[in-house]
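Student: Below are the sequence and a predicted model; questions follow.
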Amino acid sequence: MSRTHRIAVVPGDGIGKETVPEGLRVLDAAARRFGFDLQLDHYDWSCETYAQTGRMMPEDGLDQLAKSDSIFLGAVGWPGVPDHISLWGLLIPIRRSFDQYISLRPCKLMPGTTSPLANRGPKDIDFYVVRENTEGEYSSSGGRMFPGTPREFVTQDSVFTRHGVDRVMKYAFELAQTRPRKKVTSATKSNGITFTMPYWDERFAEMAKNYPGITTDQFHIDILCAHFVQHPDWFDVVVGSNLFGDILSDLGPAVAGSIGIAPSANINPEKVYPSMFEPVHGSAPDIAGKFICNPIGQIWSGAMMLEHLGEKDAADAILRAIETHLAEGGPRTRDLGGQAGTEDVGRALAEAVANGA
Ligand code: NAI
Ligand code: MG
């Protein structure tokens with residue numbers, strides 16, 4: 001009997017409706033070639049749903065999603081609905097309820113594309129940012145007292161649990177173990193933040209002991225940002241707290257090039273809950289509806305999803321197809337200097353995967 005993976009498909013808003021079908025086209029080609037089935041459940045949850053129903057998703061939305069193995073998401077957010085409503089009505093509940101405590105972003109300069117950094121090629125930029133996605137600086141612990149008076153003050157607590165810190169670090173080390181360079185860099189700030197960050201460093205050193213084959217180093221977040229720009233070749237796997245990881249996971253893909261290509265994953269590594277795979281970009285209202293957006297970020301996110309589902313060969317085939325396509329001048333959308341439409345790129349990649357890239 002062939003393997004079946006059940007996927008919840010949420011295109012969302014704007015160009016999500018254009019990129020997701022291309023992602024599915026390529027996933028379908030991979031499924032046929034590598035002999036597994038994808039059972040798709042489609043959900044039209046979006047800002048349009050919100051306009052009609054007052055909710056981004058139905059009350060039992062999370063229960064519906066919980067039945068799937070993974071969630072394949074386009075983009076969420078549209079002018080007219082405040083971003084905090086679309087974010088907190090759909091994405092955040094999914095990330096939190098499904099304990100997707102890893103946010104993972106590859107930062108990889110693809111052949112045939114250019115980095116905003118001068119004189120850098122694909123060999124120089126190939127690393128992952130691993131961000132803690134559930135605690136740390138983004139806590140709901142804190143408050144405001146004496147509002148509107150001269151005594152007014154606000155606090156927001158950072159929350160670092162041993163459980164939370166250890167599990168993100170473990171993930172980073174395990175990931176590094178699958179890579180040729182086998183190196184983990186920790187983002188810290190223990191010179192200025194004197195309780196939580198020394199604790200972070202302590203747990204990092206402790207975790208490193210379990211992985212004698214892995215090289216480690218650590219930098220304070222400020223100089224680390226500078227190094228991303230000046231020495232992207234130093235990095236292999238970079239692990240950071242929720243706040244530092246947030247910053248690095250926008251900076252990393254930016255040094256690697258186009259927003260239209262960058263993929264991301266929100267992962268529950270134990271697979272107790274579904275993980276979610278989505279491009280880094282948003283709904284791009286400025287170009288939506290024209291079918292000129294780049295679907296590669298979505299398609300690459302699909303490859304990450306297959307890898308998570310245990311379909312490593314299929315994931316590798318999609319990534320190879322993207323690399324060959326870009327290196328050998330396949331059809332390109334405007335963000336990469338071409339004239340092709342979204343569907344042209346999707347079709348070309350699906351064909352490449354089908355034909356044994
Ligand atoms: P955006 O990523 O949608 O667009 C930024 C710029 O990049 C635009 O000029 C856009 O045309 C271009 N761009 C983005 N994706 C592209 C693609 N695939 N191909 C070619 N060009 C592309 O970010 P923006 O404009 O800040 O946000 C628009 C909406 O998307 C907002 O409502 C925001 O909240 C939402 N958003 C949602 C995200 C998600 O679903 N995870 C992530 C980021 C933004
Ligand atoms: Mg961010």
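Tutor: That came in fine, so what should we check first? Ligands and ions are numbered 1, 2, ... in the order given.
Student: Now Phe353. Nearest residue, chain neighbours left out?
Tutor: Not Phe; residue 353 is Val. Closest residue in space to Val353, ignoring its immediate chain neighbours: Ala29 at 4.3 Å, by C-beta to C-beta, 6 or more residues apart in numbering. Quick note: C-beta positions are derived from backbone N, CA and C, even for glycine.
Student: quick one: pLDDT of the one you found?
Tutor: Per-residue confidence (pLDDT) for Ala29: 98.
Student: do you know how far it is from ligand 1?
Tutor: 20 Å (C-beta to the nearest ligand atom, to the nearest Å).
Student: In a strand, that residue, correct?
Tutor: No. Counting by DSSP: H, G, I helix; E, B strand; the rest coil, Ala29 is not found in a strand; it is helix.
Student: OK, contacts around it?
Tutor: For Ala29, the contact set (C-beta atoms under 8 Å, 6 or more residues apart in numbering) comprises 350-351, 353-354.
Student: Could you do Asp233 as well?
Tutor: Residues near Asp233 by C-beta under 8 Å, 6+ apart: 123-125.
Student: Which of the residues you listed sits closest to ligand 2?
Tutor: Distance to ligand 2 across the contacts of Asp233 (C-beta to the ion) is lowest for Ile125, with 19.3 Å.
Student: That closest one: neighbour count?
Tutor: 21 (other C-beta atoms under 10 Å).
Student: just Glu174 next, same as before
Tutor: 15.
Student: so is it in a helix, a strand, or just coil?
Tutor: helix.
Student: Where does the stretch 151-300 of the chain get nearest to ligand 1, residue-wise?
Tutor: Of all residues in the stretch 151-300 of the chain, the one sitting closest to ligand 1 is Gly282 (2.3 Å; C-beta to the nearest ligand atom).
Student: Can you tell me which residues in this protein are near ligand 2?
Tutor: Contacts of the chain with ligand 2, taken as C-beta under 5 Å from the ion, map to 246, 250.
Student: Next, the contact list for Met276, please.
Tutor: Per C-beta under 8 Å, 6+ apart, neighbours of Met276: 70-73, 94-95, 98, 100, 265-266.
Student: Quick check: mean pLDDT of the host helix or strand of it?
Tutor: In this assignment (DSSP states H and E), Met276 forms part of strand 275-279. What strand 275-279 shows for mean pLDDT is 98.
Student: now the angle from the helix or strand just after that strand to strand 275-279?
Tutor: Counting by DSSP H and E, the next helix or strand C-terminal to strand 275-279 is helix 296-308. Calculated by axes from the mean of the first three to the mean of the last three C-alpha atoms, to 10 degrees, helix 296-308 forms an angle of 160 degrees with strand 275-279.
Student: What is helix 296-308 packed up against?
Tutor: With contacts taken as 3 or more C-beta pairs under 8 Å, 6 or more residues apart in numbering; DSSP states H and E, helix 296-308 sits against helix 16-34, strand 70-75, strand 102-108, strand 263-267, strand 275-279, helix 312-327, helix 342-354.
Student: which bits of this structure sit near ligand 1?
Tutor: Residues of the chain lying near ligand 1 by C-beta under 6 Å from any ligand atom: 15, 75-78, 83, 259-260, 278, 281-287, 293-294, 297, 333, 335.
Student: thought Ser86 was touching Tyr50?
Tutor: Yes. The criterion here is C-beta atoms under 8 Å, and Ser86 meets it with Tyr50 at 7.0 Å.
Student: shared neighbours, the two?
Tutor: Joint contacts of Ser86 and Tyr50 (C-beta under 8 Å, 6+ apart) are Met56.
Student: Please say which of those two ends up with more neighbours.
Tutor: More neighbours surround Ser86 than the other of Ser86 and Tyr50, with 24 against 21 (other C-beta under 10 Å).
Student: For the more buried one, give me its contacts.
Tutor: By C-beta under 8 Å, 6+ apart, the neighbours of Ser86 are 13, 47, 50, 56, 76-78.
Student: again, 6 Å this time
Tutor: 47, 76-77 (C-beta atoms under 6 Å, 6 or more residues apart in numbering).
Student: any idea which helix or strand carries it?
Tutor: helix 83-86.
Student: buried residues in that helix?
Tutor: By 16 or more other C-beta atoms under 10 Å, the buried positions in helix 83-86 come out as Ser86.
Student: C-alpha coordinates for it, CSV please?
Tutor: Taking Å, rounded to 0.1, in the frame of the first residue of the first chain, the C-alpha atoms of helix 83-86 are listed here in CSV:
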residue,chain,number,x,y,z
ASP,A,83,-3.0,42.9,10.2
HIS,A,84,-3.3,42.1,13.9
ILE,A,85,-6.7,40.6,13.2
SER,A,86,-5.6,38.4,10.3
